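Undergrad: Below are the sequence and a predicted model; questions follow.
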Amino acid sequence: MDLKTTNASPVLTDPAPINKSRLGIHSGLFPYSQSGPSFSSGILTTPRKKPGKLDDARSNGWLDAMKSSSPPSKKMLKDFNVEVASDDDIAYYSWMLKYPSAIKSSFEKIINHARNKKIVMFLDYDGTLSPIVDDPDRAFMSDEMRSTVRNVSTYFPTAIISGRSRDKVYELVGLAELYYAGSHGMDIMCPDRETGKELNLFQPAREFLPMIDEVFRTLVENTKDIKGTKVENHKFCASVHYRNVDEKSWSTIAQRVHYILKDYPRLRLTHGRKVLEVRPVINWNKGKAVEFLLDSLGLSNGEDVLPIYIGDDKTDEDAFKVLREGNRGYGILVSSVPKETKAFFSLRDTSEVPDCHFVKQFLKSLVRWKEQNAPSMKKRSTKKRFLDKSLTNITALYLQLSKRGYPNVRQFGSRQKPCGNLKRRSIASMKKTQHHIR
Ligand SMILES: O=P(O)(O)OC[C@H]1O[C@H](O[C@H]2O[C@H](CO)[C@@H](O)[C@H](O)[C@H]2O)[C@H](O)[C@@H](O)[C@@H]1O
């Protein structure tokens with residue numbers, strides 16, 4: 001992908017205008033009219049009355065999806081002393097004929113294909129590096145997983161692509177030597193394509209920032225009476241969690257979220273694991289982020305590059321699709337149940353084996369293979385690692401500065417390029433600055 005093309009706005013034209021009078025809402029309450037962005041800072045509240053049967057037919061479809069997302073783990077079933085039906089296993093193993101395990105028979109295939117190629121590793125966070133837990137704020141990855149990912153990154157360029165905000169996922173992973181794409185790929189920090197040394201910030205949905213902030217507050221306000229609901233602001237998208245909500249209230253959540261989104265035709269809803277995700281209607285996703293990162297790393301020319309993407313969620317399918325369709329690399333789906341997927345391989349995800357065990361095992365095997373069987377392809381050269389180190393220092397510093405709300409750094413974000421003085425400053429002087437702001 002030519003970087004220049006990514007500078008073109010990926011914002012899609014608005015979907016068909018909604019019928020405001022049908023909703024019985026005064027047009028002044030629509031924060032974004034079709035004719036241009038007029039922003040209202042108010043929080044909309046949805047009526048508390050139960051919406052009519054035909055209020056939003058889509059809610060029913062969504063309810064089914066809500067029920068089937070993130071199926072109960074075997075552990076949960078065991079907790080209730082219920083034997084796991086062997087039919088499930090049969091279904092799983094026949095599904096695996098199509099999507100074989102990446103750590104068993106197919107590992108050979110993967111490494112054979114990787115010989116003489118440069119692997120680029122893309123990793124989703126929740127459900128891939130950290131186990132799915134009830135509280136999203138407590139989805140920690142283990143130290144062992146962290147050190148495994150660090151080892152991976154010493155051999156292969158490694159990026160984390162998450163639905164969470166970039167700051168949040170960086171905080172959870174805590175490895176400055178990786179590249180990060182937050183908000184489902186809408187917030188990317190990556191090396192400059194030309195120099196490879198400077199950092200670029202790519203935020204294709206920047207204009208949606210105030211809108212997401214507003215919808216976030218509206219969602220919080222309108223779901224606060226539903227026990228267990230949690231709404232997260234991920235900067236360029238927002239998540240409404242219903243994992244801890246009584247199933248009887250799921251339809252209420254679906255209806256309220258749909259009702260609110262009727263006022264935001266430039267936002268859309270997608271579905272994750274017991275979470276509804278509100279995102280801008282732009283032609284950008286985790287797949288585009290993978291292409292963008294490969295391009296920025298100067299690795300978009302397929303022949304000698306093998307991108308591998310590991311993820312567990314529907315949003316990861318966009319990345320699997322990019323890799324499959326371009327015949328560029330391998331998608332690996334983490335799942336304990338058969339699913340329709342564009343991935344090539346699978347890794348079992350089971351809470352009986354904690355700590356995303358199979359993902360870790362796959363990553364460790366890859367490192368071991370590299371250490372043992374490709375001694376000629378040593379760890380990334382000292383010079384390269386020095387450059388990477390400089391880059392990671394800049395990343396760490398940037399994240400630190402932006403967290404502290406430094407005005408210059410915000411500005412640098414808005415220009416989608418690091419601010420000049422930050423770019424040109426030597427690492428030593430940056431360290432000084434870093435020390436200064438602690
Ligand atoms: O793209 P990801 O890194 O996989 O992020 C997807 C969502 O992950 C988080 O939610 C999921 O994990 C939580 C912690 O295990 C779990 O409680 C929740 O039910 C899952 O949906 C995160 O909180 C979301 O905002 C992300 O969009």
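TA: Alright, I've got the coordinates.

Undergrad: List, one by one, the residues from the stretch 201-350 of the chain near the ligand.
TA: Residues of the stretch 201-350 of the chain found near the ligand (CB under 6 Å from any ligand atom) are 232, 234, 239, 241, 243, 272-275, 277, 313, 315. In short, each C-beta sits where N, CA and C put it, glycine included.

Undergrad: Now with 5 Å, please.
TA: 232, 239, 243, 272-275, 313 (CB under 5 Å from any ligand atom).

Undergrad: out of those residues, what pair is the most spread apart?
TA: 232 and 313 (14.9 Å; CB to CB).

Undergrad: More neighbours: these two, which one.
TA: residue 313 (27 against 20; other CB atoms under 10 Å).

Undergrad: Which residues does stretch 356-369 contact?
TA: Contacts to stretch 356-369, defined as CB atoms under 8 Å, 6 or more residues apart in numbering, come from residues 101-103, 107, 111, 119, 121, 127-131, 141, 144-145, 148-149, 151-152, 155-156, 310, 332, 334, 347-349.

Undergrad: and that stretch, which residues are buried?
TA: 356-364, 366-367, 369 (16 or more other CB atoms under 10 Å).

Undergrad: That stretch near the ligand at all?
TA: No: under the criterion of CB under 5 Å from any ligand atom, the ligand is not reached by stretch 356-369; the shortest gap measures 10.8 Å.

Undergrad: three-state assignment of the residue nearest to residue 202 when sequence neighbours are not counted?
TA: Distance criterion CB to CB, 6 or more residues apart in numbering; nearest residue to residue 202, sequence neighbours excluded, is residue 188 at 4.4 Å. Assigned state for residue 188: strand (three-state reduction, DSSP: H, G, I helix; E, B strand; the rest coil).

Undergrad: follow-up on the earlier one: and the furthest pair within the buried residues of stretch 356-369?
TA: 356 and 369 (19.5 Å).

Undergrad: buried residues in stretch 236-245?
TA: Buried, per 16+ other CB under 10 Å, within stretch 236-245: 236-243, 245.

Undergrad: ok, now stretch 338-355?
TA: Buried, per 16+ other CB under 10 Å, within stretch 338-355: 338, 341-351, 355.

Undergrad: Including secondary structure and pLDDT, could these go into a markdown table?
TA: Output for the buried residues of stretch 338-355, formatted as a markdown table (DSSP: H, G, I helix; E, B strand; the rest coil; pLDDT from 0 to 100):
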| residue | secondary structure | pLDDT |
| --- | --- | --- |
| 338 | coil | 94 |
| 341 | coil | 97 |
| 342 | coil | 98 |
| 343 | coil | 98 |
| 344 | coil | 97 |
| 345 | strand | 97 |
| 346 | strand | 95 |
| 347 | strand | 94 |
| 348 | coil | 89 |
| 349 | coil | 80 |
| 350 | coil | 69 |
| 351 | coil | 63 |
| 355 | coil | 79 |
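
Undergrad: Just give me the closest of the residues you listed to the ligand.
TA: residue 351 (10.7 Å; CB to the nearest ligand atom).

Undergrad: doesn't residue 159 make contact with residue 180?
TA: Yes: at 6.9 Å, residue 180 counts as touching residue 159 under the criterion of CB atoms under 8 Å.

Undergrad: Give me the number of neighbouring residues for the nearest residue to residue 355 once chain neighbours are set aside.
TA: Excluding its sequence neighbours, the residue lying closest to residue 355 (CB to CB, 6+ apart) is residue 142, at 4.8 Å. By other CB under 10 Å, 16 other residues sit near residue 142.

Undergrad: Over to residue 141?
TA: Residue 141: 22 neighbours (other CB under 10 Å).

Undergrad: what's the helix or strand for it?
TA: Per DSSP states H and E: residue 141 is located in neither a helix nor a strand.

Undergrad: can you pull the contacts of it?
TA: 125, 129-130, 149, 172-173, 356 are the contacts of residue 141 under CB under 8 Å, 6+ apart.

Undergrad: just residue 304 next, same as before
TA: 116-118.

Undergrad: So which of the residues you listed are in strands?
TA: Mapping the contacts of residue 304 onto strands (DSSP state E) picks out residue 118.

Undergrad: which of the contacts of residue 304 are buried?
TA: Those of the contacts of residue 304 that meet the buried threshold are residue 118, by 16+ other CB under 10 Å.

Undergrad: could you pull out the strands for the stretch 201-350 of the chain?
TA: Taking DSSP state E, counting those that start in this stretch as the test, the strands found in the stretch 201-350 of the chain are 230-233, 238-241, 267-272, 275-280, 305-311, 330-334, 345-347.

Undergrad: Contacts for the fourth one next, please.
TA: Contacting residues not belonging to strand 275-280 are listed as 11, 62, 66, 69, 163, 184, 186, 205, 208, 211-212, 215, 219, 236-243, 253-254, 257, 261, 264, 266-271, 315 [CB under 8 Å, 6+ apart].

Undergrad: For the chain, which residues score under the pLDDT cut-off?
TA: Within the chain, the stretches with pLDDT under 70 are 1-62, 68, 70-86, 193, 196, 350-353, 374-438.

Undergrad: Mark out where each domain of it begins and ends.
TA: For the chain, the domain assignment from the TED database gives the residue ranges 87-203+287-373, 208-280.

Undergrad: now the end-to-end length of the longest one.
TA: Right, the one you point to is domain 87-203+287-373. 40 Å (CA to CA, to the nearest Å).

Undergrad: Repeat that for the last one.
TA: For domain 208-280, the first-to-last residue distance is 7 Å (CA to CA).

Undergrad: Also stretch 283-302?
TA: 23 Å.

Undergrad: Give me the buried stretch members for it, please.
TA: Going by 16+ other CB under 10 Å, stretch 283-302 has these buried residues: 284-297, 299-300.

Undergrad: Go through these and name the one nearest the ligand.
TA: Nearest to the ligand among the buried residues of stretch 283-302, with distances taken as CB to the nearest ligand atom, is residue 286, at 7.5 Å.

Undergrad: what about the helix or strand harbouring residue 180 and the ligand, any contact?
TA: In this assignment (DSSP H and E), residue 180 forms part of strand 179-182. No: counting by CB under 5 Å from any ligand atom, no contacts exist between strand 179-182 and the ligand, the nearest distance being 8.8 Å.

Undergrad: So which elements touch that strand?
TA: Using 3 or more CB pairs under 8 Å, 6 or more residues apart in numbering; DSSP states H and E, the elements in contact with strand 179-182 are strand 158-161, helix 166-173, strand 187-191, helix 286-296.

Undergrad: I'd like to know which of those lies nearest to residue 92.
TA: Across those, residue 92 has its closest neighbour in helix 286-296 (25.0 Å, CB to CB).

Undergrad: May I have that closest one exported as CSV, CA atoms only?
TA: This file holds the C-alpha atoms of helix 286-296, laid out as CSV (Å, rounded to 0.1, in the frame of the first residue of the first chain):
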residue,chain,number,x,y,z
LYS,A,286,-7.4,-3.8,12.0
GLY,A,287,-6.7,-5.1,8.5
LYS,A,288,-5.9,-1.6,7.2
ALA,A,289,-3.7,-1.1,10.3
VAL,A,290,-1.7,-4.2,9.4
GLU,A,291,-1.2,-3.0,5.8
PHE,A,292,-0.3,0.5,7.1
LEU,A,293,2.3,-0.9,9.6
LEU,A,294,3.8,-3.3,7.0
ASP,A,295,4.2,-0.3,4.7
SER,A,296,5.7,1.9,7.4
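
Undergrad: Kind regards, and thank you for your time.
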